[in-house]
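>>> Need coordinates for the below:
(2 chains)
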Protein chains: 2
Amino acid sequence: MSRPLRIAIDAMGGDFGPPVTVPAAFAALAKHPRLEVLLFGREADVTPLLAESDDRLRERLSLCHCEEVVGMGDKPSQALRGKKNSSMRLAIDSLKTLGAHACVSAGNTGALMAMGCYVLKTSPGIDRPAICISMPTLAGTERTYLLDLGANVDNCSEHLHQFALMGSVLSRVLDGVAEPRVALLNIGHEEIKGNEQVKFAAQLIGDDPRLRYTGYIEADRLLDGEADVIVCDGFVGNVALKAAEGTTRLIAFRAQHVFNSNLYTRALGWLVKPLLQRVKQEVNPESYNGAYFLGLQGILVKSHGAASVAGFQQAIESAIVQVENRMVEHLDHALETLAH
Amino acid sequence: MSRPLRIAIDAMGGDFGPPVTVPAAFAALAKHPRLEVLLFGREADVTPLLAESDDRLRERLSLCHCEEVVGMGDKPSQALRGKKNSSMRLAIDSLKTLGAHACVSAGNTGALMAMGCYVLKTSPGIDRPAICISMPTLAGTERTYLLDLGANVDNCSEHLHQFALMGSVLSRVLDGVAEPRVALLNIGHEEIKGNEQVKFAAQLIGDDPRLRYTGYIEADRLLDGEADVIVCDGFVGNVALKAAEGTTRLIAFRAQHVFNSNLYTRALGWLVKPLLQRVKQEVNPESYNGAYFLGLQGILVKSHGAASVAGFQQAIESAIVQVENRMVEHLDHALETLAH
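Purely as a prediction, here's the structure:
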């Protein structure tokens, strides 16, 4: 286990950039003795943050200066053509040029997708990659993979079938689930429910002997642990994930409001704060931050743009787990049959 | 203000049927002195519940016996053809036959939609009705109308435009908002984001001088009060709403778990229970239960199937508010131009 593990990090991506990505990189270096980090970003922004770090960790980090940065509002096509020397692009390129095993970025998702497809190419038989996260479940003991989360906005049924195959591989390889249960996100669990896209996907997935299809699932049961893999159109998945985020924020906001009502409730709030923090921690999307771009011939992880240091570190962790489990090879093998 | 207000209630609909719908009907009768309730359901199930009630309220309630019940798994087309004497169907019919001003049901949404369209007919210029709810916002002072929530699963851009018009009328008439802000649910707020359906809808809504279009909105901001009306495809809206429900359940579940850890945390839990109840109350979907079927020539309200007595009463309240504000006339007037 002493071969190096080289992760490229787009230091400039996300809402906060280096103040989040650099400390997260050092935390990952401290945790993984054989990790090497290639940090892509503006020297002027990154260097001051390096000064504060442990010298021994610093030895396993290389800073690759890049002047350009992909903005959150940049069009994917423009970023692809116009920002060839950006931190994002050079970090992805490093999988080809500098022997990096994976790339992590909290930047513009569309640009990441476009550059990922262009530089790394899609896997055999895959039309378009999917974005996938692993979610905590009510039971708390298992996790569920949800895909696609917005890499695509007009999926056809065949794409949903490809997503089911890729999600199953993740669940098998990363969690050791022998026969992952695959469900399709729909607006009812009865067979007659849904649009044509979902109904035909149900046929394709149900007919595939490699998959264990368990039927439709509704969005209020996404977190119930009833399936290991839940498949949906990118538009729909993105909306589901963000609706969950918004609800969490609403509840936190209202709780704060209620505990701030008067002196007595404030005192109570102070007493239960550690408990509420634990609840927050348990449902916190950051604890499962780090979305997978599946269907690329390389490992590319997307962090939430608003991730904290701990959240971004989790995204780096997600990349490491994929490298160590040779996810690309497993996926290629599983998808081989699709290519014919 | 002494003219009667006659509401038809499908007593058999929902997960619980009469034990929920009958007490809710009596609560509404107690609150509204001029309310008359037509209760449609099985005598054997309903009569025992009537015995417990106040005689004076009982005078304003008529029980219409119907043997048939529409099941939650019944196909809409089968329910429409085969269950002409069901409590749901006769309750809707009563808008035509018994002078009811509105109908409330917690039953099968698809069957309600099919029967609603068949019996009441759609409004001029409306292809298909939409299901709409009013949601609480972070600020807590305003509300936002979200539609469609699953009446349709394959909306075209023109439908989204119709939904925008109907939602604006609700916000104007029920909340007195002079120029309701209309947003389109999308997976990014930038113009380039989204699928063709959403992009073309943005054009139609943006070009309509009757509407104040404010652009795209993401699902994590549904509850932020940034728009008075948020429009989306029925599949997407249904997923957003249910994802929010599932998240609320996950947080409640985890909180219970954390507070049950040991004797000390249980004691704390007992102390803060009233406060957590208040938070729950404020984000509780039941407090805004009662979805509007918009685009029908009659008022039809759908309660959540799992609604409690208070929740179902809220749905009856929603029907009353629509009757008192002559919603159908306002909608017909606003939609007239569409018909030409």
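>>> Just give me the residue closest to the centre of chain A.
In chain A, the residue lying closest to the centroid (Cα atoms, centre = their mean) is A:A291, at 0.5 Å.
>>> so what's that residue up against?
A:A291 makes contacts with A:I131, A:C132, A:I133, A:L149, A:V301, A:K302, A:S303, A:H304, A:A315, A:S318, as judged by Cβ atoms under 8 Å, 6 or more residues apart in numbering or on different chains. (C-beta placed from N, C-alpha, C; glycine too.)
>>> what is it paired to in the beta sheet?
Beta-bridge pairing of A:A291, defined through DSSP bridges, involves A:K302.
>>> ok, and for stretch A:94-105, which residues are buried?
By neighbour count with 16 or more other Cβ atoms under 10 Å in any protein chain shown, stretch A:94-105 contains the buried residues A:S94, A:L95, A:A100, A:H101, A:A102, A:C103, A:V104, A:S105.
>>> With stretch A:253-265 instead?
Buried residues in stretch A:253-265, counting neighbours by 16+ other Cβ under 10 Å, are found at A:F253, A:R254, A:A255, A:V258, A:F259, A:T265.
>>> Could you pull up phi and psi at the first one?
Main-chain torsions, A:F253, degrees, to the nearest 10: phi -60, psi -50.
>>> isn't it right up against B:L138?
Yes - using Cβ atoms under 8 Å, A:F253 makes contact with B:L138 at a distance of 5.6 Å.
>>> How about the residues of the stretch 101-250 of chain A by chain B?
A:110, A:138, A:140, A:150, A:153-154, A:185, A:187, A:190, A:192, A:194-196, A:218-224, A:232, A:234-236, A:238-250 (Cβ under 8 Å from any Cβ of the partner chain).
>>> how's chain A carved up into domains?
With domains defined by automatic domain parsing, chain A comprises A:1-126+A:295-327, A:127-286.
>>> TSV please, covering those and showing mean pLDDT.
Shown next, in TSV, are those (pLDDT from 0 to 100):
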stretch	mean pLDDT
domain A:1-126+A:295-327	93
domain A:127-286	88
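>>> What is the neighbour count of A:R143?
Look at A:R143: counted by other Cβ atoms under 10 Å in any protein chain shown, it has 21 neighbours.
>>> and it, what does it touch?
When the contact criterion is Cβ under 8 Å, 6+ apart, the partners of A:R143 are A:S134, A:M135, A:P136, A:T137, A:D175, A:Y288.
>>> and if we set it to 7 Å?
A:S134, A:M135, A:P136, A:T137, A:D175 (Cβ atoms under 7 Å, 6 or more residues apart in numbering or on different chains).
>>> can you check A:P180 too?
Contacts of A:P180 (Cβ under 7 Å, 6+ apart): A:S168, A:S171, A:R172, A:R212, A:D228, A:V229.
>>> Just checking the distance from the helix or strand containing A:W270 to the centre of its chain.
Following DSSP states H and E, one finds A:W270 within helix A:263-283. Its chain's C-alpha centre and that of helix A:263-283 lie 29 Å apart, by Cα atoms, centre = their mean, to the nearest Å.
>>> Is that helix in proximity to chain B?
Yes - with Cβ under 7 Å from any Cβ of the partner chain as the measure, helix A:263-283 is seen reaching chain B through A:T265, A:L268, A:L271, A:V272, A:L275, A:R278, A:V279, A:E282, A:V283.
>>> Please enumerate residues in contact with the helix or strand A:R56 falls within?
Assessed by DSSP H and E, A:R56 sits inside helix A:55-58. Helix A:55-58 is contacted by residues A:F26, A:L29, A:A30, A:L50 when judged by Cβ under 7 Å, 6+ apart.
>>> so how many other residues sit close to the second one?
As a burial measure, the neighbour count of A:L29 was computed by other Cβ under 10 Å and equals 23.
>>> ditto for the last one
For A:L50, the neighbour count with other Cβ under 10 Å is 17.
>>> Could I get the phi/psi values of it?
A:L50 has phi and psi values of phi -70, psi -30 when expressed as degrees, to the nearest 10.
>>> check contacts around it.
Going by Cβ under 7 Å, 6+ apart, A:L50 touches A:V22, A:R58, A:L63.
>>> quick revisit: now the domains of chain A as TSV including distance to B:D10?
Below are those laid out as TSV (distance: least, Cβ to Cβ, whole Å):
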stretch	distance to B:D10
domain A:1-126+A:295-327	44
domain A:127-286	19
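>>> just to revisit the earlier point, quick check, nearest of the residues of helix A:263-283 next to chain B to B:A164?
Ranked by distance to B:A164 (Cβ to Cβ), these are led by A:V283 at 33.6 Å.
>>> List the contacts of the closest one.
Applying Cβ under 7 Å, 6+ apart to A:V283 gives the contacts A:T248, B:L250, B:I251, B:R254.
>>> what do you get if the cut-off is 8 Å, keeping everything else the same?
A:V283 neighbours (Cβ under 8 Å, 6+ apart): A:P136, A:T248, B:T247, B:L250, B:I251, B:R254.
>>> ok, A:N289 touching A:I316?
No - counting by Cβ under 8 Å, A:N289 stays clear of A:I316, with 9.7 Å between them.
>>> My guess is A:E245 contacts B:D220. True?
Yes - counting by Cβ under 8 Å, A:E245 does reach B:D220; the two are 4.3 Å apart.
>>> if we can go back for a sec, looking at the residues of the stretch 101-250 of chain A next to chain B, which are in helices?
Counting by DSSP state H, those place A:110, A:196, A:234-236, A:238-250 in helices.
>>> Restricted to buried residues, select the residues you listed in ChimeraX.
Burial among these is assessed by 16+ other Cβ under 10 Å; the matching ChimeraX selection reads:
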select /A:110,234,235,236,238,239,240,241,242,243,244,245,246,247,248,250
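>>> Walking through the stretch 51-200 of chain A, point out its strands one by one.
All strands of the stretch 51-200 of chain A, identified by DSSP state E, counting those that start in this stretch, fall at A:61-65, A:102-105, A:130-136, A:143-147, A:181-185.
>>> Listing partners with orientation, what would you give for the second one?
I take that to be strand A:102-105. Strand A:102-105 has these partner strands in its sheet, going by DSSP bridges: strand A:5-10 (parallel), strand A:299-302 (parallel).
>>> Report the angle between the first one and strand A:61-65.
It stands for strand A:5-10. Strand A:5-10 runs at 30 degrees relative to strand A:61-65, counting by axes from the mean of the first three to the mean of the last three Cα atoms, to 10 degrees.
>>> Show me what strand A:5-10 is in contact with.
Here strand A:5-10 has contacts from A:21, A:25, A:28, A:32, A:34-41, A:87-88, A:91-92, A:94-95, A:98-107, A:316, A:319-320, A:323-324, using Cβ under 8 Å, 6+ apart.
>>> Tell me which residues of stretch A:102-118 come out buried.
Neighbour-count burial for stretch A:102-118, counted by 16+ other Cβ under 10 Å, picks out A:102-117.
>>> Same question for stretch A:82-98.
Buried residues in stretch A:82-98, counted by 16+ other Cβ under 10 Å: A:K83, A:S86, A:S87, A:M88, A:R89, A:L90, A:A91, A:I92, A:D93, A:S94, A:L95.
>>> just checking, the third one touches A:E68?
Okay, so that is A:S87. Yes - using Cβ under 8 Å, A:S87 makes contact with A:E68 at a distance of 7.1 Å.
>>> what is in contact with those two at once?
Counting by Cβ under 8 Å, 6+ apart, A:S87 and A:E68 have no shared contacts at all.
>>> next one: stretch A:166-180 to chain centre, how far?
Distance, centroid of stretch A:166-180 to centroid of chain: 16 Å (Cα atoms, centre = their mean).
>>> Alpha carbons of it, as CSV, please.
Provided in CSV are the C-alpha atoms of stretch A:166-180 (Å, rounded to 0.1, in the frame of the first residue of the first chain):
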residue,chain,number,x,y,z
MET,A,166,-23.4,2.7,-13.0
GLY,A,167,-25.2,3.2,-9.6
SER,A,168,-25.3,-0.6,-9.1
VAL,A,169,-21.5,-0.8,-9.6
LEU,A,170,-20.9,1.9,-7.0
SER,A,171,-23.1,0.2,-4.5
ARG,A,172,-21.5,-3.2,-5.1
VAL,A,173,-17.9,-2.0,-5.1
LEU,A,174,-18.0,0.7,-2.5
ASP,A,175,-20.5,-0.8,0.0
GLY,A,176,-20.2,-4.5,-0.8
VAL,A,177,-23.9,-4.9,-1.6
ALA,A,178,-24.2,-8.1,-3.5
GLU,A,179,-27.3,-7.3,-5.4
PRO,A,180,-28.1,-3.6,-5.1
